[in-house]
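Asker: Give me a model of this one.
(chains A and B)
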2 protein chains.
Amino acid sequence: MKIEYRPIGFVSSPHQTTNGTPIQPSRASGIEGTVVLEEEYVEALSDLDGFSHIILICHLHKAADSKLKVVPYLDTELRGLFATRAPSRPNPIGLSVVRLLGIDGCRLRIEGVDLLDGTPVLDIKPYVGDFDGRTEVRCGWLDEVRGREAVADSRFEK
Amino acid sequence: MKIEYRPIGFVSSPHQTTNGTPIQPSRASGIEGTVVLEEEYVEALSDLDGFSHIILICHLHKAADSKLKVVPYLDTELRGLFATRAPSRPNPIGLSVVRLLGIDGCRLRIEGVDLLDGTPVLDIKPYVGDFDGRTEVRCGWLDEVRGREAVADSRFEK
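Answerer: Reported below is the predicted structural model:
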């Protein structure tokens, strides 16, 4: 079974190489970029400016083939891939919750950009706390490395 | 530019038809289901049992072709598609944050199931509050309908 998607737009970002790119939007505070949407979808942006945050679902086009276990950026041990946010996945889909600064025609100005320049965007959803946020969560190995600093390097690069 | 994905597994759920299916995991409290992962990926589940919640990224295989404006389940007005969570999207990708109850081999038992039986799963990510949760958010039209009850109907069905 094959599933075929097409980009609805592309990210314009200051991050040209994986090395040094923030590993999550929450670690990319103040870094701005743009989503340039295909013109045909501009009408579908109506009402989105009422939302402070949006979810970008992207195709991580520079990610290497996936492995079943990886050493994540924030750890030194091998972890099961699905217990990590490593970009190299069977389907290399990225999930980024970014702040929406403004919309001008087909251009969405965003803040908290952890995506490489040229990343294809597959979907844009409004972030809704009731739908997407959870409190009282356990985060396994990530609970143990809380506060650790890291940026991306080339380990998951094609 | 075409992007091709393959399912890593499928959802087994009590929801056989769109009509009456909860419209979000937060409105599917107590409803259990299973993700049946392809055997080849079982090793990639290591360490995931330390996380209380996971993000399922799915291909919404029953969604109709997308329109630029839709009347969402929770509203009575036409809204720009990207300002809604309607399943009919240019790339019909669903995002569900569900509780992980347990893992047994290739089977993940989950709670908060808002997905139809047989839905193809594209990716599984651990939910991490620091990465995925946001507080202090504005939610546009959705702020005005807070508390409104609704379940899915056939309006977005293929």
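
Asker: Around A:His53, how many other residues sit close by?
Answerer: The number of residues packed near A:His53 is 22, by other C-beta atoms under 10 Å in any protein chain shown. Using the backbone N, CA and C atoms, a C-beta is placed for each residue, glycine as well.

Asker: what's the spacing between it and B:Val70?
Answerer: Taking C-beta to C-beta, to the nearest Å as the measure, A:His53 falls 21 Å from B:Val70.

Asker: repeat for A:Thr21
Answerer: 35 Å.

Asker: Next: A:Arg107.
Answerer: For A:Arg107, the distance to B:Val70 (C-beta to C-beta) stands at 23 Å.

Asker: What of A:Gly9?
Answerer: As judged by C-beta to C-beta, A:Gly9 and B:Val70 stand 19 Å apart.

Asker: Kindly report the same for A:Glu40.
Answerer: Distance from A:Glu40 to B:Val70, by C-beta to C-beta: 16 Å.

Asker: Neighbour count: the two, which is higher?
Answerer: B:Val70 (21 against 11).

Asker: Next one, pLDDT for the residue lying closest to A:Ser96 once chain neighbours are set aside please.
Answerer: Spatial nearest neighbour of A:Ser96, chain neighbours left out: A:Leu56 (4.6 Å); criterion: C-beta to C-beta, 6 or more residues apart in numbering or on different chains. pLDDT recorded at A:Leu56 is 98.

Asker: list the helices and strands the helix or strand containing A:Leu56 packs on?
Answerer: Using DSSP states H and E, A:Leu56 sits in strand A:53-59. Secondary structure elements in contact with strand A:53-59, counted by 3 or more C-beta pairs under 8 Å, 6 or more residues apart in numbering or on different chains; DSSP states H and E, are strand A:93-104, strand A:107-111, strand A:120-126, strand B:93-104.

Asker: After it, which helix or strand is next? Please name it.
Answerer: Using DSSP H and E, the helix or strand that directly follows strand A:53-59 along the chain is strand A:69-70.

Asker: Contacts (any at all) between chain B and that next one?
Answerer: Yes. Using C-beta under 8 Å from any C-beta of the partner chain, strand A:69-70 reaches chain B at A:Lys69.
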